[in-house]
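Visitor: Kindly generate the corresponding structure for this input.
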Amino acid sequence: MATKIRLQRHGKKGKPFYYIIVADARAPRDGRFIERLGSYNPNTNPATIDINFDKTLDWVNSGAQPTDTCRAILSYKGVLYKKHLQGGLKKGALTEEQVEAKFAEWLDQKDGKITGKKTDLVSAKDAARKAALAAEAKKKEEKAAAITAKYTPPVEEVEEEAPVAETEEAPVAEVEETPAAAEVEAPAAEAEPEAPAAEAESAE
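Guide: The predicted model follows:
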């Protein structure tokens, strides 16, 4: 009987949740299974994976074939790396102490990467939250300024009156007096010298 390590889907629509199971290759996806090894929740960031490491390693050593997704999950949790180290132990290339030391070192590096990713996600979330708050505050200030400008009456500007009346009256007075006097005086001056000349001619 060919056995497979694969996922069994649960959860509601759009929010899947999977069990990691060992089942006969001929069984339907959500049908009968031999043993449940753990669970996989892709709805969190990073994804939550909970497996029984020893049972999973036993099934992998017994020849159970994981599907592509399960192979990635087992590699992520170190099951396949532990199988690789145990293969070196069987060949005599490594000792038991070396296998444990190498696996412990790998686990430390993996935990460091996971912690770093969680820290980066938290920092990015905080930065996005601060940026959203700043944008919202700026928008509120602009809205308040627009309302204030709408309901504030405009300030009327008082124009300074130039002394136009004085400058206009002086030329008018000059224009009225000067031509009139010239017109009246000119004929009188011309008429006075002609009268004695006429009298002298009559006397002769």
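Visitor: Could you pull out the strands in the protein for me?
Guide: 3-12, 15-24, 35-41, 48-51, 65-66 (DSSP state E).
Visitor: partners of the shortest one, with directions?
Guide: It refers to strand 65-66. strand 3-12 (parallel) (DSSP bridges).
Visitor: any idea of the angle the partner strand forms with strand 35-41?
Guide: Counting by axes from the mean of the first three to the mean of the last three Cα atoms, to 10 degrees, strand 3-12 lies at 50 degrees to strand 35-41.
Visitor: ok, Val122 - how many residues close by?
Guide: Around Val122 there are 10 other residues, counting by other Cβ atoms under 10 Å. From N, CA and C alone the C-beta is placed, and that goes for glycine too.
Visitor: circling back: columns mean neighbour count on top of the strands of the chain, output as CSV?
Guide: Listed next are the strands of the chain as CSV, based on neighbours: other Cβ atoms under 10 Å:
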stretch, mean neighbour count
strand 3-12, 16
strand 15-24, 18
strand 35-41, 17
strand 48-51, 15
strand 65-66, 18
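Visitor: so which of these gets nearest Ala144?
Guide: Counting by Cβ to Cβ, Ala144 lies closest to strand 15-24 out of these; the figure is 41.1 Å.
Visitor: ok, now how distant is the nearest residue to Cys70 once chain neighbours are set aside from Leu85?
Guide: In space, and not counting its chain neighbours, Cys70 is closest to Ile5: 4.8 Å by Cβ to Cβ, 6 or more residues apart in numbering. Plainly put, Ile5 is 19 Å away from Leu85 if you go by Cβ to Cβ, to the nearest Å.
Visitor: export the strands of the chain to a markdown table and tack on mean pLDDT and distance to Glu96?
Guide: Shown next, in a markdown table, are the strands of the chain (pLDDT from 0 to 100; distance: least, Cβ to Cβ, whole Å):
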| stretch | mean pLDDT | distance to Glu96 |
| --- | --- | --- |
| strand 3-12 | 92 | 26 |
| strand 15-24 | 93 | 27 |
| strand 35-41 | 93 | 25 |
| strand 48-51 | 92 | 23 |
| strand 65-66 | 93 | 26 |
